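**Q** sequence first, predicted model second:
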Amino acid sequence: MQYMILIYKPAGAYAGPEGRTVLEEVVAKHRALAAELTAQGVQKGGAGLQGVETATTLVKGRDGDTLHDGPFAETREHLGGYYLIDVPDLDAALAMARRVPGVAGTKIEVRPLIVHDQ
């Protein structure tokens, strides 16, 4: 079964000189985890995402689409990256999610993918 592990980081978590050092440490841990999951054949994809200041949001409306620069909603957390994994069940996915590195306040969401009939 395939799951997305979505990583939400607190806004401003890596700000300033100290934040940069913490970011480098967290990225190194992500690289190590990704390498291990890939070697095990569990990881099917994953990436970090650029900051929300680079986002463009398409809002669907009755009268057509509207584009907005940046995130649509103001939030305290931002989607920072994801892993796509293939494991036997939710318990295995949660075990992987517990290993995802992050700073205090990081939220990890585990969500199964919808498999459509071919």
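**A** It's in.

**Q** now stretch 59-67: average pLDDT?
**A** Throughout stretch 59-67, pLDDT has a mean value of 71.

**Q** repeat for stretch 111-118
**A** 86.

**Q** by mean pLDDT, which helix or strand of the protein comes out lowest?
**A** Ranking every helix and strand in the chain by mean pLDDT, DSSP states H and E puts strand 64-69 at the bottom, with a mean of 65.

**Q** quick one, strands of this structure?
**A** Using DSSP state E, the strands of the chain run over 2-10, 43-48, 56-61, 64-69, 77-86, 107-112.

**Q** which strands and helices sit next to the longest one?
**A** When you say that, I think you mean strand 77-86. Applying 3 or more C-beta pairs under 8 Å, 6 or more residues apart in numbering; DSSP states H and E, one finds that strand 77-86 contacts strand 2-10, helix 16-39, strand 43-48, helix 90-97. C-betas here are computed from N, CA, C, even on glycine.

**Q** okay if I get the ones you listed as JSON lines plus distance to residue 80, mean pLDDT and mean neighbour count?
**A** Compiled in JSON lines, the helices and strands packed on strand 77-86 are given as follows (distance: least, C-beta to C-beta, whole Å; pLDDT from 0 to 100; neighbours: other C-beta atoms under 10 Å):
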{"stretch": "strand 2-10", "distance to residue 80": "4", "mean pLDDT": "94", "mean neighbour count": "19"}
{"stretch": "helix 16-39", "distance to residue 80": "9", "mean pLDDT": "94", "mean neighbour count": "13"}
{"stretch": "strand 43-48", "distance to residue 80": "6", "mean pLDDT": "95", "mean neighbour count": "15"}
{"stretch": "helix 90-97", "distance to residue 80": "14", "mean pLDDT": "96", "mean neighbour count": "15"}
